[in-house]
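Asks: generate a structure from the sequence data that follows.
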Amino acid sequence: MTTSTQGHLRIAEVLPHQAGDCIVVFFGYFDESGGPDNAAVCVGGWVSTREQWTRFEDEWAEMLHAFGVSALHMNEFAHSRGEYSDWKGDEPRRREFLSKLIGIIGRRARRGFGASVYMSDYNAVAEISDLRERCGEPYVLCGVNCVKMVQSWAEHYGMEMPACFFENGAPGKGDLLNRLSDLGLRTIAFAQKPAYLEFQAADLVAYEIFKMSSDTHKGRVRSLDGLRAPLVALDAVPGSYVVLGKERLLEMCQDR
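Replies: Model prediction:
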């Protein structure tokens, strides 16, 4: 039994949701991409059932083995670094690898969630308001919005709030946990990224959201035709995504 499956079982004992004769428990995994020194900060991830995540783990591990790598790290993969160094220029291999992994996500993830904020917007609003005090740093802001979207989705279908995992080493971990707890959202856990294959799928969508946000900010994307192929493929999975622009940031300062 994998570490992540053990985690599912532990949480499932306290977060069951009865649906007829079945117990349905959903789990979400989220990762961040970008940072204060980049054009944007993004948090993205996936939610699915324990059964589907267990199948995901098997298929994902098998695919990594087939391509001779230990894990998907999008920053290393995108720039052909680390164990991807000899993949540089081998576009057929790179496309096939990413396509296979996205296929697994498409089969096993129930829904995607993502939030992003342009640093220029965040800094502009922070200069004229108490945005940082009210909503936290960009990572925390995006993380809270992702979890709130998960909550809205679960409530819409009459489900218990899914357990949401974030990387243990993420910036602002304590602040994120405190703000979610203040909102009554306590099914949040932090875990070591290497122990959970699901974080690699979250890394993929977070990176693609970041690239879209960064490219749009730089004027490289002006229409849907300009979107990266991996993001288009990931869009086949139903999802909820938000860009927190200036107007929304100002509203958030007034709402809280």
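Asks: give the bridge partners for the closest residue in space to Pro162 that isn't next to it in sequence, please.
Replies: With sequence-adjacent residues excluded and distances taken as CB to CB, 6 or more residues apart in numbering, Pro162 is closest to Phe26, at 3.6 Å. In this view, the C-beta of every residue, glycine as well, is placed from N, C-alpha and C. Under DSSP bridges, the beta-bridge partners of Phe26 are Thr49.
Asks: Arg110 is in contact with Phe26, correct?
Replies: Yes - using CB atoms under 8 Å, Phe26 is in contact with Arg110, at 7.0 Å.
Asks: any shared contact partners between the two?
Replies: 47-49 (CB atoms under 8 Å, 6 or more residues apart in numbering).
Asks: and which of the residues you listed is nearest Gln200?
Replies: Nearest to Gln200 out of the shared contacts of Phe26 and Arg110 is Ser48 (CB to CB; 14.1 Å).
Asks: for Gly136, see how far away the closest one is.
Replies: Ser48 sits 27 Å away from Gly136, going by CB to CB, to the nearest Å.
Asks: which one of the two is surrounded by more residues?
Replies: For Ser48 versus Gly136, the count of surrounding residues by other CB atoms under 10 Å is larger for Ser48: 24 against 18.
Asks: tell me if I'm right that the more buried one and Arg108 touch.
Replies: Yes - when contacts are counted by CB under 8 Å, Ser48 is listed as touching Arg108 (5.8 Å).
Asks: look at Leu185 and tell me its secondary structure.
Replies: For Leu185, the secondary structure call by DSSP: H, G, I helix; E, B strand; the rest coil comes out as coil.
Asks: can you pull the contacts of it?
Replies: Leu185 makes contacts with 147-148, 151, 161, as judged by CB under 8 Å, 6+ apart.
Asks: okay if I get these as a markdown table plus secondary structure?
Replies: What follows is the contacts of Leu185, written out as a markdown table (three-state DSSP):
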| residue | secondary structure |
| --- | --- |
| Val147 | helix |
| Lys148 | helix |
| Gln151 | helix |
| Met161 | coil |
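Asks: out of those, give me the one that has the most neighbours.
Replies: Of all the contacts of Leu185, Val147 has the most neighbours under the rule other CB under 10 Å, reaching 27 neighbours.
Asks: does that residue touch Ser181 like I think?
Replies: No - counting by CB under 8 Å, Val147 stays clear of Ser181, with 11.0 Å between them.
Asks: now Arg179: which helix or strand?
Replies: Arg179 belongs to helix 173-182 when assigned by DSSP states H and E.
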